[in-house]
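A.B. asks: got a sequence here, can you build the structure:
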Amino acid sequence: MPVFTIKNAANTDRRDMRKRIVTGVGIAGLIISWIFMASGFPSFGQSDQLPGRMKTMKAELTRNFDALQNKEVPPYYISYAIDEIRTQTVNGSFGAINSQTENTQARLRVGLRTGSYEMDSTRELRSGGNSLAQALAGSMSVSLAPLGEGSDALAVILWQATDGAYRSAVDRLAQVKSAQNTQLAPEDQSDDFSRSKPQTSLGKPADARVDLDKWADRIRTFTAQFNNRPFITAASGTFQNEVRNKYFVDTEGSALLVPANYMRLQISASIRADDGMSLPLYLSYSGYSESDLPSEESVLADIRGMIDTMEKLRIAPVIEPFTGPAIFSGEAAGVFFHEVLGHRLEGQRLKSDTDGQTFKKKAGEEVLPTFLSVTFDPTIRELDKFILTGAYDFDDEGVRAEKVVAVSDGVLKDFLMSRTPMANFSRSNGHGRAAPGSAPTSRQSNLIVESKKTLTESALRQMLIDECKKQNKPFGLLIKQVSGGQTVTSRASLNVFSITPLVVYRIYADGRPDELVRGVNLGGTPLTVFGKIVATGDRREVFNGICGAESGQVPVSALSPAVLVSEIEVQKRASTPEKPPILPQPDAKSRAGK
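C.D. replies: Have a look, this model is predicted:
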């Protein structure tokens, strides 16, 4: 459920699909080579080759690291990361603009570790509810940084932030050492930090700007389509252009300037049924440039389709509790794999003693049907003619992004690793990610599902009907669109997932027309539901979105075919006693004062 927030026990995501947004709430360039010279640690050679901001970062990194080596507890690693983000945003509702803004902010993250790669100040303290994610966050100092290339103010802020991070790291290391005497040793005895080859890449800073007035006109046009619709209680549209330039240096010798650009258009509306149930629907489009987004005519056509579906949903029957077969559309299946599988392959999470560690000891074992393979590949930006917005060149720990074959022919092969190692998986594969100002943790990128057992859409539908007859069920379900979900990964509670569908159809075994239903929630346990996947479609669909977890919101993608599951369990969604609006929505005449 992308924005999803994963905590100790659960995660919640909000995802923006190319054509639909998925949201939920949880309980969970030019490359320049540098010559390195000795100066306590590798340094960058010709400083005049660096942009002004990075010159200051490199100089302060050297000065502060060298000065702290004289202390009783010296740091063994420091990193400086600055994310400068400029966002252009326009938001509107019912044909009017509510806000039109441009904002630029730079966030500094200082990472400082005392101790050694084997045991350092970021180790999880197993008492007091202090998780590994909290320990990693405690190793960081976060503050705002000056905009532009000015050096004096930045030097002062780097000095202050480093001093604060050092004090915290010294205190935490003392706690870690004390815990060794009072607590049982953790089951996972792997190091606290992995070594990584220094990376050097200097890209040209991104500066993509759009005409916000043009987008304001479009937002007016898009949201005006919801006027004069009696039962639509809310409608909005938002366009955002985000330019992010990442500056990174560390004491191992890495020096990176990595530009990125993301654009998103979101349209949302909500209708209320006579029984008080609120029924939201969403459209969302994502890309790296304006050319990746659909034409105005295409968006208007999608809006008309969404309004038509909303009108039908308002009078659709509420589903009764049900177990039986179901087809997840490609988009819905992408959310399913992201939630149920992806989060359980994030290595940092699996190392924590607070996590359920569903798949930690299953490497080499079959975890999915043998016709399925799952990879995570942040190195590609397009596949099957779909834009994938979970791409990047370097992660937020300065490690080059790598393709990870997580599941091959159903067998678990690898995990998503940051620089936090775990047993038998000691190196990062470039999946340490974070929102600006947050501590990087293992996160997903572009999730890609491949299948060797594919059927055409009509054949998959017939297989669903055959399964209904086999189970003596009057119908199966087609889950077209979901709003998100939550997945519990903590060992403190039962590891389950739940997903909230928005558009669901009953497909009748006796040939009756498909029937739209509403009020559906579905859930289950990961190991059980994976064993019930019986076939997939032959055409993949994309899901592009924003996933929020312990390390904040990061762009992700999922590309998946439709999936047929032999059995799922659904229940009624919670409703409210609130009636539809008493007053009618204003029409053209009333707005004109007639």
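A.B. asks: switch to C-alpha atoms for all contacts and neighbour counts from now on
C.D. replies: Will do.
A.B. asks: what's the pLDDT at the spatially closest residue to residue 270 that is not a sequence neighbour?
C.D. replies: With CA to CA, 6 or more residues apart in numbering as the measure, residue 280 is the residue that lies nearest to residue 270, at 4.0 Å, once sequence neighbours are left out. pLDDT, the model's per-residue confidence, is 93 for residue 280.
A.B. asks: cool, residue 590 as well?
C.D. replies: pLDDT for residue 590: 55.
A.B. asks: residue 432 and residue 170: what is the separation?
C.D. replies: The span separating residue 432 from residue 170 equals 24 Å under the rule CA to CA, to the nearest Å.
A.B. asks: where in the stretch 401-550 of the chain is pLDDT low?
C.D. replies: Within the stretch 401-550 of the chain, the segments meeting pLDDT under 70 span 484-486, 488, 490-495.
A.B. asks: go with 50
C.D. replies: Counting by pLDDT under 50, the stretch 401-550 of the chain has no low-confidence residues at all.
A.B. asks: quick one: the biggest helix by length in the chain to chain centroid distance?
C.D. replies: Taking DSSP state H as the assignment, the helix of the chain that covers the most residues is helix 152-182. When distances are taken as CA atoms, centre = their mean, to the nearest Å, helix 152-182 is centred 29 Å away from the chain's centroid.
A.B. asks: just to revisit the earlier point, parallel or antiparallel, which strands does the host helix or strand of the residue nearest to residue 270 pair with?
C.D. replies: Using DSSP states H and E, the secondary-structure element containing residue 280 is strand 278-287. Sheet neighbours of strand 278-287, with direction, are listed as strand 255-272 (antiparallel) (DSSP bridges).
A.B. asks: list the residues that contact the closest residue to residue 91 other than its chain neighbours.
C.D. replies: Excluding the flanking residues, the one nearest residue 91 by CA to CA, 6+ apart is residue 238, at 4.4 Å. Taking CA atoms under 8 Å, 6 or more residues apart in numbering as the criterion, residue 238 is in contact with 89, 90, 91, 92, 219, 264, 265, 266, 267.
A.B. asks: quickly list what residue 238 is bridged to.
C.D. replies: Following DSSP bridges, residue 238 is listed with bridge partners residue 91, residue 266.
A.B. asks: one more: residue 477?
C.D. replies: The bridge-partner assignment for residue 477, based on DSSP bridges, gives residue 326, residue 506.
A.B. asks: next one: it from residue 509, what distance?
C.D. replies: Distance check for residue 477 against residue 509: by CA to CA, it reads 11 Å.
A.B. asks: in terms of neighbours, single out the busier of the two.
C.D. replies: Summary of the neighbour comparison: residue 477 and residue 509, criterion other CA atoms under 10 Å, with residue 477 having more neighbours (29 against 20).
A.B. asks: my guess is the more buried one contacts residue 325, does it?
C.D. replies: Yes. Using CA atoms under 8 Å as the test, residue 477 is close enough to residue 325 to be in contact (6.6 Å).
A.B. asks: tell me how far residue 57 lies from residue 202.
C.D. replies: For residue 57, the distance to residue 202 under the criterion CA to CA works out to 14 Å.
A.B. asks: looking at these two, which has the bigger crowd around it?
C.D. replies: Shown here are residue 57 and residue 202; by other CA under 10 Å, residue 57 has more neighbours (25 against 19).
A.B. asks: who are the contact partners of that one?
C.D. replies: Taking CA under 8 Å, 6+ apart as the criterion, residue 57 is in contact with 80, 155, 158, 249.
A.B. asks: JSON lines for these, including neighbour count, distance to residue 292 and pLDDT?
C.D. replies: JSON lines is the format used below for these (neighbours: other CA atoms under 10 Å; distance: CA to CA, whole Å; pLDDT from 0 to 100):
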{"residue": "80", "neighbour count": "26", "distance to residue 292": "33", "pLDDT": "98"}
{"residue": "155", "neighbour count": "19", "distance to residue 292": "39", "pLDDT": "96"}
{"residue": "158", "neighbour count": "23", "distance to residue 292": "38", "pLDDT": "97"}
{"residue": "249", "neighbour count": "27", "distance to residue 292": "32", "pLDDT": "98"}
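A.B. asks: right, and the pair among these with maximum separation?
C.D. replies: For those, the farthest-apart pair by CA to CA is 155 and 249; their separation is 14.1 Å.
A.B. asks: need the residues that contact stretch 496-515.
C.D. replies: Surrounding stretch 496-515, the residues in contact under the criterion CA under 8 Å, 6+ apart are 279-281, 336, 339-340, 465-466, 468-469, 473-489, 516-526.
A.B. asks: could you flag which of these are buried?
C.D. replies: The neighbour-count test (16 or more other CA atoms under 10 Å) marks 279-281, 336, 339-340, 465-466, 468-469, 473, 475-489, 516-524, 526 as buried among the contacts of stretch 496-515.
A.B. asks: just the ones of these in strands?
C.D. replies: Among the buried ones among the contacts of stretch 496-515, the ones falling in strands (DSSP state E) are 279-281, 475-488, 516-517, 520-524.
A.B. asks: for residue 458, pull up the helix or strand it's in.
C.D. replies: For residue 458, the element it lies in under DSSP H and E is helix 457-470.
A.B. asks: chain center to that helix, what's the gap?
C.D. replies: On CA atoms, centre = their mean, the centre of helix 457-470 falls 33 Å from that of its chain.
A.B. asks: pull out the buried residues from it.
C.D. replies: Within helix 457-470, the residues scored as buried using 16+ other CA under 10 Å are 460, 461, 463, 464, 465, 466, 467, 468, 469.
A.B. asks: look up how far residue 65 lies from residue 292.
C.D. replies: For residue 292, the distance to residue 65 (CA to CA) stands at 44 Å.
A.B. asks: helix or strand with the lowest mean pLDDT in this structure?
C.D. replies: Counting by mean pLDDT, DSSP states H and E, the weakest-scoring helix or strand in the chain turns out to be strand 21-23, with a mean of 32.
A.B. asks: extract the CA atoms of the following helix or strand past that one and return them as CSV.
C.D. replies: Elements were assigned by DSSP H and E; along the chain past strand 21-23, the next helix or strand is helix 52-68. Once non-C-alpha atoms are left out, helix 52-68 reads as follows in CSV (Å, rounded to 0.1, in the frame of the first residue of the first chain):
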residue,chain,number,x,y,z
GLY,A,52,31.2,24.3,-5.0
ARG,A,53,28.8,22.4,-2.7
MET,A,54,30.8,19.2,-3.0
LYS,A,55,34.1,21.0,-2.4
THR,A,56,32.7,22.1,0.9
MET,A,57,31.3,18.7,1.8
LYS,A,58,34.6,17.0,0.9
ALA,A,59,36.7,19.6,2.9
GLU,A,60,34.5,19.4,6.0
LEU,A,61,34.4,15.6,5.8
THR,A,62,38.2,15.4,5.8
ARG,A,63,38.5,18.0,8.6
ASN,A,64,35.9,16.6,10.9
PHE,A,65,36.9,12.9,10.4
ASP,A,66,40.6,13.7,11.0
ALA,A,67,39.8,15.8,14.1
LEU,A,68,37.7,13.0,15.7
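A.B. asks: pLDDT score for the residue nearest to residue 91?
C.D. replies: Looking at residue 238, its pLDDT reads 98.
A.B. asks: any idea how far residue 279 is from it?
C.D. replies: Taking CA to CA as the criterion, residue 238 is separated from residue 279 by 20 Å.
A.B. asks: just residue 60 next, same as before
C.D. replies: Counting by CA to CA, the separation of residue 60 from residue 279 is 54 Å.
A.B. asks: mind listing what's buried in the biggest strand by length in the chain?
C.D. replies: Identified as the longest strand of the chain according to DSSP E is strand 552-572. Within strand 552-572, the residues that qualify as buried are 552-570, counting by 16+ other CA under 10 Å.
A.B. asks: and the strands in the stretch 101-250 of the chain, which stretches?
C.D. replies: The residue ranges that make up the strands of the stretch 101-250 of the chain, judged by DSSP state E, counting those that start in this stretch, are 140-145, 200-202, 232-250.
A.B. asks: dump these into JSON lines; add distance to residue 308 as well.
C.D. replies: Rendered in JSON lines, the data for those read as follows (distance: least, CA to CA, whole Å):
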{"stretch": "strand 140-145", "distance to residue 308": "46"}
{"stretch": "strand 200-202", "distance to residue 308": "49"}
{"stretch": "strand 232-250", "distance to residue 308": "11"}
